[in-house]
Structures are given as C-alpha cells and as structure tokens.
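Enquirer: Structure for the following, please:
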Amino acid sequence: MTNKVDNNFSFENIDIEENIEIETNNKNNSSGVVAATIDDYVKISKNFYAGFWIRIFAFIIDCIIIFCLGTILNTITFGLLDIHLPYNISDQTLIFVLTYYLYFLLMTYILSQTLGKMIIGVKVEKNVGGKLSFIDAFFREVIGRYITITLLFLPFLSVIFTSKKKALHDYIADSVVVKEDFSNFRMKLNKAIKEIKQ
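Expert: From the prediction side, this is the model:
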C-alpha cells in the first residue's frame, strides 16, 4: 500500500479537512499500521478538552488542599515558631497567597497536574501537546491567575464559549487542559509518527 505520510507531518499540523492514514513496515511490526480518519478525529475531539464544570470541581478540590496546607504552614510559622513579619499585611494572608501560587506553579510545571486535576483526570499541556516550560507555567499560574482573580474570575467564563475550552490564563501560556485519555492518545500518536519517520 502507498505511504501517504508527508515527511514533514506532525500531530500539531493535522488539517481538520483531511483524512490521515499512516502505514509503515518496521522491524517491530511487520504489518504496522497506524490509521486515523478525520471522522475518528472529529468523534473523539468533542471530548479532548476539560469543560467548565470539570475544571471548577478540580479547582474546588485544589482550594481545599491549599487551605489545609496554608493552615499547617501558618500554625508552624506563626504559631509554634512565633514569627512575625514587619509588613502591613496579615501574616496568615501572606502564607495563603504564597501557598496558592506556589502550589499551582510547581504542580503544573513538575507534574502537569494539581492534585485536583489528578483526581478529576485532566492535565495541563501545551496547545500542541507536551509539558509546559517553567516560563509558560509561571505566566499561566502566576500572571494569568493574578489577572483572573483581579477581574473577579470573569475571564474564566471563556471556558464555556471557546472551542478548546480555554480560560484567560490558558491563552496567556498557550496551554490547554485536556483529559488524560486524550493526552495519552496524542503521546502514542506522536511516538508512532516519529518511528515512521525514522
């Protein structure tokens, strides 16, 4: 059968108007065929991205975790150690703010998921797949969230109206929140494409 794959093909360049069929004969798979039609792509694409309520539930779980972590840190820092800061801000407030931003930043950068997202089964990725860089994670989780909070979370409503269900902080970091099964599917497809090119 004829190989219909362009040597420059990559998952992120998939044209929604085209059918994709990938065939190869490699050492590990004598009949090795990786096939995907546009109909298959459209069927699963409806469930690629995490919607509004899924993300809200994950956020609520994360807020509960952050509250617990902040309470523990407050107890240790300002209770047991009796530390006080010379700033015109509540000691407890500062701890909760730092915990909030560091939690989202580090969890997203290191694991691509917060604990809430793990429980719900979604993760943060680049638009084209793969982990965010530290800079991308910083812009998403610190700059983006700060703007969203300042605007009373109204920018988060864009999740309802955009095709990829992106909030403001997703646009800032060029990221998406996807369901784990799609993330795994995309990773396997990219791996198969790389093997075909070799």
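Enquirer: so Ile65 sits right up against Met118, yeah?
Expert: No: using Cβ atoms under 8 Å as the test, Ile65 is too far from Met118 to be in contact (10.8 Å). The C-beta positions use only the backbone N, C-alpha and C, and glycine is treated the same way.
Enquirer: got the CA positions of the one helix or strand Gly116 maps to in PDB?
Expert: Element membership for Gly116 (DSSP states H and E) is helix 115-120. Presented in PDB, the C-alpha positions along helix 115-120 are these (Å, rounded to 0.1, in the frame of the first residue of the first chain):
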ATOM      1  CA  LEU A 115      -4.000  17.100  42.900                       C
ATOM      2  CA  GLY A 116      -7.500  18.300  42.000                       C
ATOM      3  CA  LYS A 117      -6.700  17.700  38.300                       C
ATOM      4  CA  MET A 118      -5.300  14.200  39.100                       C
ATOM      5  CA  ILE A 119      -8.500  13.200  40.900                       C
ATOM      6  CA  ILE A 120     -10.700  14.500  38.100                       C
END
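Enquirer: i'd like the first residue to be 33 from this point on
Expert: Yes, from this point I'll number from 33; that puts the last item at helix 147-152.
Enquirer: which residues sit against the following helix or strand past that helix?
Expert: Using DSSP H and E, the helix or strand that directly follows helix 147-152 along the chain is strand 154-158. Residues from elsewhere that reach strand 154-158, judged by Cβ atoms under 8 Å, 6 or more residues apart in numbering: 82, 86-87, 90, 140, 144-145, 149, 163-164, 168, 172, 206-212, 215.
Enquirer: Restricted to strands, list the residues you listed.
Expert: 207-211 (DSSP state E).
Enquirer: from the residues you listed, which is closest to Lys223?
Expert: Nearest to Lys223 among the ones in strands among the contacts of strand 154-158, counting by Cβ to Cβ, is Val210 at 16.8 Å.
Enquirer: any idea how far that closest one lies from Phe170?
Expert: To Phe170, Val210 is 20 Å away according to Cβ to Cβ, to the nearest Å.
Enquirer: Perfect, I'm done here.
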